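Colleague: Sharing a model that was predicted from the sequence below.
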Amino acid sequence: MMEIFSDSAHRQLSQMFYTVLFFHVSEYLLAIACHGKSKVTIESLLISKDYILAMTFTVTEYLIELYFFPMLKEHRSISNLGLFMVIFGETIRKLAILTAKEAFTHIIQRYHEEHHKLITYGVYGIVRHPGYTGFWIWSVGTQIMLCNPVSTVAFAVITWCFFYSRIPYEEFFLKQFFGLEYDAYMQRVPSGIPFVK
Ligand SMILES: C[S@@+](CC[C@H](N)C(=O)[O-])C[C@H]1O[C@@H](n2cnc3c(N)ncnc32)[C@H](O)[C@@H]1O
């Protein structure tokens, strides 16, 4: 079936498939490693309805452009830049999970548990939300890798909007848990998402 695609298309679609597969499987396995199997649900695969919709849109855009504007998919250096962003973003996110360990829950904690300590070292010493920074770079990178102009802009804006509202919500509880220690951390370290204080 892949013979109907050019070499570039074959490479880009394969890269996208393995990128997405690696991201979700590794999120799930790391969640088990950090929290134990009994506490992890299938939701830790991070595949929601909206996400499936976004990926369907992405593939649809890719195939339409491949058919009508095949030269758009032949920009190897742009595609490689996207691949670099995917690897870079994935690395930052996984470093965040490995640094925060038990504190890195996929669902935002609203009640302080005794074991929950404030992490301010490692990647958390560079930005306050390295998991989100990494995901943002990863998601935009997937679209640059596919040379998908519409989805590149859409992913950048939609993911940014998501974190723009999620970060204050998450930090509302972190301030309750850690008080002045969190205020000082906020003063010292940027959020890691552009234009989010
Ligand atoms: C999905 S994780 C994301 C963590 C962080 N926002 C990031 O992007 O790396 C969400 C959980 O991490 C916890 N969390 C966020 N920042 C933290 C920090 N600096 N230290 C400890 N826990 C943190 C929150 O309480 C929340 O339940």
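Modeller: Received the coordinates, thanks.

Colleague: For the host helix or strand of residue 187, what is the distance to the chain centroid?
Modeller: Per DSSP states H and E, residue 187 falls inside helix 149-188. The chain centre lies 13 Å from the centre of helix 149-188; the measure is Cα atoms, centre = their mean, to the nearest Å.

Colleague: Which secondary structure elements does that helix sit against?
Modeller: Applying 3 or more Cβ pairs under 8 Å, 6 or more residues apart in numbering; DSSP states H and E, we find helix 149-188 packed against helix 49-68, helix 130-145. All C-beta atoms are positioned from the backbone trio N, CA, C, and that covers glycine.

Colleague: what's the most buried one of the ones you listed?
Modeller: Across the helices and strands packed on helix 149-188, averaging neighbours per residue (mean count of other Cβ atoms under 10 Å) puts helix 130-145 on top, at a mean of 23.

Colleague: Now the most centrally placed residue in the chain: closest residue in space that isn't a chain neighbour?
Modeller: Residue closest to the mean C-alpha point of the chain, counted by Cα atoms, centre = their mean, is residue 135 at 1.7 Å. Excluding its sequence neighbours, the residue lying closest to residue 135 (Cβ to Cβ, 6 or more residues apart in numbering) is residue 93, at 5.6 Å.

Colleague: Could you do residue 83 as well?
Modeller: Spatially, and ignoring its direct neighbours in sequence, residue 83 is nearest to residue 145 (5.1 Å; Cβ to Cβ, 6+ apart).

Colleague: likewise residue 164?
Modeller: Distance criterion Cβ to Cβ, 6+ apart; nearest residue to residue 164, sequence neighbours excluded, is residue 196 at 5.7 Å.

Colleague: Quick check: phi and psi on the one you found?
Modeller: phi -110, psi 120 (degrees, to the nearest 10).
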